[in-house]
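Trainee: Just a sequence and a predicted model for now, questions to come.
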Amino acid sequence: MNHVELFESYRGYVFGIAYRMLGSVMDAEDCLQETFLRWQSHAEQVENPRAWLATVATRWCLDQLNTARHQREQYIGEWLPEPLIIAAPSSNVEQLESLSTAFLVLLERLSPAERAVFLLHKVFGYEYSEIAEIVGKTPAACRQLGHRAADHVAQARPRFKVEPSVQQRLSEQFLQSCATGDLNGLMSLLTEDVVLRSDGGGVVQAARNPIYGPTAVGRFLLGVLPKLPANSIFEPRLINGQAGFVALVDGQASGTLILDMLDQQIAGIYIMLNPQKLQHLKP
């Protein structure tokens, strides 16, 4: 196996680190490119490709996060990660959960260093002694960062164990209720503490604050959907490991909607409308 083939065998792994760190498909692709360029120059000297690639990718992501911190703080409205279409979801629950929109939004509460340590330890299985070399800190400091991050995450860990058949049924009922304007039917699908978040990035109109409760969420959805273009098509897709829809207008993605389910109901709804975060989606 030559150097290019070896890198390609780790492509999904490097992308997985970068996407979870950055919440951006396009930035994760940039990370892949930068990591590959570094790999071409150093491959001959690398003894442990997996750890070396993780180090380069993680450090690149940390630089990006630290540079973009002010932009994130000034972001207009709710920030949501770029939707990731998953063709073949992992059977690893930890890996799949860590791609969910709810989980990635939760990671935004962590500092860049906390995020890196938490992901490398909990999702990718690195020991703190290994993480210390990757992020340039002591094992003790990494352990402290990891415990602090775990405490934050444990307070609001997303729920992710819903059978595919239940996901499909709830998705179909949700779409049917929205299409027919059935407020009572729609509200019956939502938990009492359901939350809707939408991201327009200040580019297109979207709710700038979360909407809470089945009544408010139901009325918001039924008030917004009739305003969509008449030729809108909602295509069911698995987005970030969860049931969702891609809204298509004339074959182009105009938005995505993800349903975060708990047991037999919908506990969270995430709507992406920011066109800059939809550019990577193909019909």
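Mentor: Nice, thanks for sending it over. Numbers count the residues shown, from 1 in each chain.
Trainee: what's the spacing between the residue nearest to H121 when sequence neighbours are not counted and Y19?
Mentor: Spatially, and ignoring its direct neighbours in sequence, H121 is nearest to G146 (5.1 Å; Cβ to Cβ, 6 or more residues apart in numbering). C-betas here are computed from N, CA, C, even on glycine. Computed as Cβ to Cβ, to the nearest Å, the G146 to Y19 distance reads 20 Å.
Trainee: returning to what we had before: residues contacting the residue nearest to H121?
Mentor: G146 makes contacts with E114, V117, F118, H121, K122, Y128, I131, as judged by Cβ atoms under 8 Å, 6 or more residues apart in numbering.
Trainee: quick one: the helices in the stretch 51-200 of the chain?
Mentor: 93-97, 101-107, 112-118, 128-135, 139-154, 164-180, 183-188 (DSSP state H, counting those that start in this stretch).
Trainee: Turn those helices into a markdown table, including mean pLDDT.
Mentor: Putting the helices of the stretch 51-200 of the chain into a markdown table (pLDDT from 0 to 100) gives the following:
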| stretch | mean pLDDT |
| --- | --- |
| helix 93-97 | 68 |
| helix 101-107 | 92 |
| helix 112-118 | 97 |
| helix 128-135 | 97 |
| helix 139-154 | 94 |
| helix 164-180 | 94 |
| helix 183-188 | 98 |
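Trainee: Assumed N231 was part of a helix.
Mentor: No. Read with DSSP: H, G, I helix; E, B strand; the rest coil, N231 is coil and lies in no helix.
Trainee: Please work out the average pLDDT along stretch 210-218.
Mentor: The average pLDDT for stretch 210-218 rounds to 98.
Trainee: Buried ones in it, by neighbour count?
Mentor: Buried residues in stretch 210-218, counted by 16 or more other Cβ atoms under 10 Å: I211, G213, P214, V217, G218.
Trainee: Then stretch 39-52?
Mentor: Applying 16+ other Cβ under 10 Å to stretch 39-52 flags W39, A43, P49, W52 as buried.
Trainee: For A116, see how far away A154 is.
Mentor: 18 Å.
Trainee: Comparing those two, which shows the higher neighbour count?
Mentor: A116 (28 against 8; other Cβ atoms under 10 Å).
Trainee: Residue ranges of each domain in this protein, please.
Mentor: 3-154, 164-277 (automatic domain parsing).
Trainee: The helix or strand harbouring L259 - contacts with which helices or strands?
Mentor: Here L259 is covered by strand 252-262, with elements defined by DSSP states H and E. Where contact means 3 or more Cβ pairs under 8 Å, 6 or more residues apart in numbering; DSSP states H and E, strand 252-262 is packed against helix 101-107, helix 164-180, strand 233-239, strand 242-249, strand 265-272.
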